[in-house]
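Undergrad: build me a structure from this.
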Amino acid sequence: MDGTSGMHPPRVTYDRVPIHRGSVFAVERVSFRDDAGREIVRDIVRHPGAVTVIPVLEDGRLVMIRNWRVAVGAWLDEFCAGKLEPGEDPALAAARELEEETGHSASSIRHVGTFFTSPGFADERMHVFEARGLVPVPQRLEVGEQIEVVLRTEAELEAMVRSGTMVDGKTIGAFTLWKLGAGGGRA
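TA: Okay, the predicted model is just below:
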């Protein structure tokens, strides 16, 4: 994931100034001079990273959630996900989020891939996992979470992506990695 294409990064010194620190992310103002000597200023979201999980039932259906997203004021269909705690192993975070949001525990959790969610302004890395051998457990939603568990077939999810009704980027990215073989799609 280094984006190597023969180009070199600018040979510059970055000045970094923290401008916001919240409970989920921080924002840093970064300034530098480009190769032509022009000053460039960017505000960058610094994020600890996150996980998303593709839970697969024995019959091949995918366990998803309908999640109320305050930022966009809408219910979104998506795979369960959550941010990493400092120093947390992404596989352990995936197991935690699976239980908390979907009410399922998995006998196996396998890494599928990793991608940047929005590298134009954020450094968040999303770690994608597949969960199998699912067993129901009590759902443990955090305060303020409004989540409904829904089951979808691969074909239903593909149709949602094609029709544009699936609009959650992490779910589209994770599903694509999984379907194209980086992770499976072998249900």
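Undergrad: distance of the residue nearest the centre of the chain relative to residue 91?
TA: Against the mean C-alpha coordinate of the chain, by C-alpha atoms, centre = their mean, the closest residue is residue 126 at 4.1 Å. Distance of residue 126 to residue 91, given as C-beta to C-beta, to the nearest Å: 14 Å. In short, each C-beta sits where N, CA and C put it, glycine included.
Undergrad: kindly report the same for residue 81.
TA: Residue 81 is 14 Å from residue 91, by C-beta to C-beta.
Undergrad: of these two, which one has the most company?
TA: residue 81 (23 against 14; other C-beta atoms under 10 Å).
Undergrad: skip the chain neighbours and tell me the closest residue to the more buried one.
TA: residue 52 (4.0 Å; C-beta to C-beta, 6 or more residues apart in numbering).
Undergrad: what pLDDT does that neighbour get?
TA: pLDDT recorded at residue 52 is 98.
Undergrad: would you check that it makes contact with residue 129?
TA: Yes: assessed by C-beta atoms under 8 Å, residue 52 is found in contact with residue 129 at 7.4 Å.
Undergrad: now do the shared contacts for these two.
TA: Taking C-beta atoms under 8 Å, 6 or more residues apart in numbering as the contact rule, residue 52 and residue 129 both touch residue 94.
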